[in-house]
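**Q** Sequence first, then the predicted structure:
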Amino acid sequence: DVKVTQSSRYLVKRTGEKVFLECVQDMDHENMFWYRQDPGLGLRLIYFSYDVKMKEKGDIPEGYSVSREKKERFSLILESASTNQTSMYLCACDGTASGANVLTFGAGSRLTVL
Amino acid sequence: GEDVEQSLFLSVREGDSSVINCTYTDSSSTYLYWYKQEPGAGLQLLTYIFSNMDMKQDQRLTVLLNKKDKHLSLRIADTQTGDSAIYFCAESLIRGATNKLIFGTGTLLAVQP
C-alpha cells in the first residue's frame, strides 16, 4: 500500500511567520497534491506537482508556494502566515486502479495561526 | 462549471441503512468516487464508479449513479457505529493534460447506538 506521511500533525504559528509543511510518499508516484479542508467548504486544491520541479496552481494558490526537489517529497510553504490560513492541510499522491485516478492521502496537518 | 454538492449532516440509528447523496455539475466526469474521513485522519478511498455504469455493489456499500440527473448516492446497509465519519464524493475531470478531482463539501454521518 502507498503511504503518504505528513511530518507535522499539529502546528501553532504566529501571524507573519514562515511555515513549511512536509509530505513524503513511499511509492514512485509522479503526481502529488496539497489541499486545504475547511468545514462546509470541503477540500480545495492549493497546488499540485506532476514531476520533480514541476508545479501547477490549483484553485486557491494565493498565499502559498510549493517545492518538489525530489520525487518523493512535496512541500507546502506559507511565506507569511495569516489567520485565514488556519486550516487542515492534506497532502495526497495518485496512482491508478483499473483506469480510475485514485488519491492516497496523508493524515493531515492541522495549522493554527494566531 | 465544476461544483459538487452534498448535504452536511445525516443521523441514523445503528442497523438502519444510510443513504448519502451528491450532485455534480460536469457531465464530462469520467469517474466518481466516495471517500471516508474518520476523526483525526486523512481521506480513505471507499469505492468508485465509472461514468458509464449505473450501479456498483461492494459488500455493505451500494453506489447508484444517475447520469441524466448528475446524481450520485452511497448506500450503507446495516450501518454500524464504526461507520460514523465524514463522507466525501468527488468527480474526476480531465482538463488539458491534468486529471483533477473535485470534492464535495462532505457529509457528516452520525450513527446512534
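**A** Looks like it came in fine.
**Q** Quick one: distance of the helix or strand harbouring residue A:49 to the chain centre.
**A** Secondary structure assignment for residue A:49, by DSSP states H and E: strand A:42-51. Relative to its parent chain, strand A:42-51 has a centroid offset of 7 Å by CA atoms, centre = their mean, to the nearest Å.
**Q** Could you check which residue of chain A lies nearest chain B?
**A** For chain A, the residue positioned closest to chain B under CB to the nearest CB is residue A:105, at a distance of 3.4 Å. Bear in mind the C-beta positions are built from the backbone N, C-alpha and C, glycine included.
**Q** beta partners of the spatially most central residue of chain A?
**A** The C-alpha lying nearest the average C-alpha coordinate of chain A belongs to residue A:34 (CA atoms, centre = their mean; 2.7 Å). Counting by DSSP bridges, residue A:34 is bridged to residue A:47, residue A:91.
**Q** how about it, what does it touch?
**A** Applying CB atoms under 8 Å, 6 or more residues apart in numbering or on different chains, we find residue A:34 in contact with A:21, A:23, A:45-48, A:58, A:64, A:66, A:74, A:76, A:89-91.
**Q** Residue A:35: neighbouring residues, count only.
**A** A count of nearby residues for residue A:35, using other CB atoms under 10 Å in any protein chain shown, gives 28.
**Q** which residues touch it?
**A** Counting by CB under 8 Å, 6+ apart, residue A:35 makes contact with A:43, A:44, A:45, A:46, A:58, A:89, A:90, A:91, A:92, B:103.
**Q** which helices and strands does the helix or strand of chain A with the lowest mean pLDDT pack with?
**A** Least confident helix or strand, chain A: strand A:100-105 with a mean of 84, by mean pLDDT, DSSP states H and E. On a contact count with 3 or more CB pairs under 8 Å, 6 or more residues apart in numbering or on different chains; DSSP states H and E, strand A:100-105 meets strand A:87-97, strand B:31-37, strand B:43-50, strand B:98-103.
**Q** Secondary structure of residue A:61: a helix, I assume?
**A** No: counting by DSSP: H, G, I helix; E, B strand; the rest coil, residue A:61 falls outside a helix, being coil.
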